[in-house]
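K.L.:
Here is my input; please provide its structure:
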Amino acid sequence: MAPHSISSSASEKAELRRAALLRRDALDPEARRSGALAVAEWAMAVAGLSDAALVGAFWPIRSEVDPRPLIERLFARGQRVALPKVTPDGLLFREWRAGEALVPGAFGLSEPRDDLPALDPTALIVPLAAFDRRGHRVGYGRGYYDRAIARLSRLGPVLTIGIAFSAQEIARVPSEPHDRPLDHVVTEAGPVSLIEA
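P.N.:
Predicted coordinates for the structure are as follows:
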């Protein structure tokens, strides 16, 4: 792909991101709370998630779907959870246990302590700004999850589940060479039927 095409795609993604985040921000707080509970229930039923001994999740910021109800259900099912830390080399995942304190990280994130060992999850709960029915996502523009998915996939299969509100769906995400489509997308309305690209 020509450099100007990549630049054009990036600027289109920036506009799609802005519009989707405005829609997400406009959701009623109660709708976000109830939506997070529904997402947790639907996500727990995703095929293959119960097979993952270690699931990479995230701590919510701004108006994201809150993954904590899902994390609580993973713990209740006996699964371990790792949270990401942003580093110059990309995302590192460290195990987090219920009740452990998190530390402030880059971009307003809450992250596990630096003294915990880095681990490699075999399933990832992925945040996003927008998504389409091909499983493509618009993230926050820095490519951390695309690189993490690529790195973890070199170690073996990694199940990827994007969670979002249905208001974040768009017709088509412009693809770039580094983009990694998700295996599943789950919203408060249930699993999204993904189509082949």
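K.L.:
Could I get the full set of helices for this structure?
P.N.:
Taking DSSP state H, the helices of the chain run over residues 3-25, 29-44, 68-76, 144-155.
K.L.:
what's the closest of those to Thr187?
P.N.:
For Thr187, the closest of the helices of the chain is helix 29-44, at 6.6 Å, according to C-beta to C-beta. (C-beta placed from N, C-alpha, C; glycine too.)
K.L.:
Pull out the buried residues from that closest one.
P.N.:
Across helix 29-44, burial judged by 16 or more other C-beta atoms under 10 Å covers 32, 35-36, 38-40, 42-44.
K.L.:
circling back to that earlier point, mind checking which of the helices of the chain is nearest Thr87?
P.N.:
The closest approach between Thr87 and any of the helices of the chain, judged by C-beta to C-beta, belongs to helix 144-155 at 9.5 Å.
K.L.:
Show me what that closest one is packed against.
P.N.:
Under the contact criterion of 3 or more C-beta pairs under 8 Å, 6 or more residues apart in numbering; DSSP states H and E, helix 144-155 touches strand 80-87, strand 90-96, strand 123-126.
K.L.:
quick one: the residue positioned nearest the centre of the chain and Val138, what's the gap?
P.N.:
Note on the chain: the residue nearest the mean C-alpha position is Val126, at 1.3 Å, using C-alpha atoms, centre = their mean. Look at Val126 and Val138: by C-beta to C-beta, to the nearest Å, they are 12 Å apart.
K.L.:
same check, this time on Ala130
P.N.:
4 Å.
K.L.:
Contact partners for the closest residue to Arg24 other than its chain neighbours?
P.N.:
Leaving out its chain neighbours, the residue that sits closest to Arg24 by C-beta to C-beta, 6 or more residues apart in numbering is Ser63, at 4.9 Å. Applying C-beta atoms under 8 Å, 6 or more residues apart in numbering to Ser63 gives the contacts 21, 24-25, 27, 32.
K.L.:
Please pick the buried ones from the residues you listed.
P.N.:
When those are checked for burial by 16+ other C-beta under 10 Å, the buried set is 21, 24, 27, 32.
K.L.:
worst-scoring helix or strand of this protein, pLDDT-wise?
P.N.:
helix 3-25 (a mean of 80; mean pLDDT, DSSP states H and E).
K.L.:
Tell me the gap between stretch 55-65 and the middle of its chain.
P.N.:
7 Å (C-alpha atoms, centre = their mean, to the nearest Å).
K.L.:
Same check on stretch 92-109?
P.N.:
Distance of stretch 92-109 from its chain centroid, counting by C-alpha atoms, centre = their mean, is 15 Å.
K.L.:
Alright, I will stop here.
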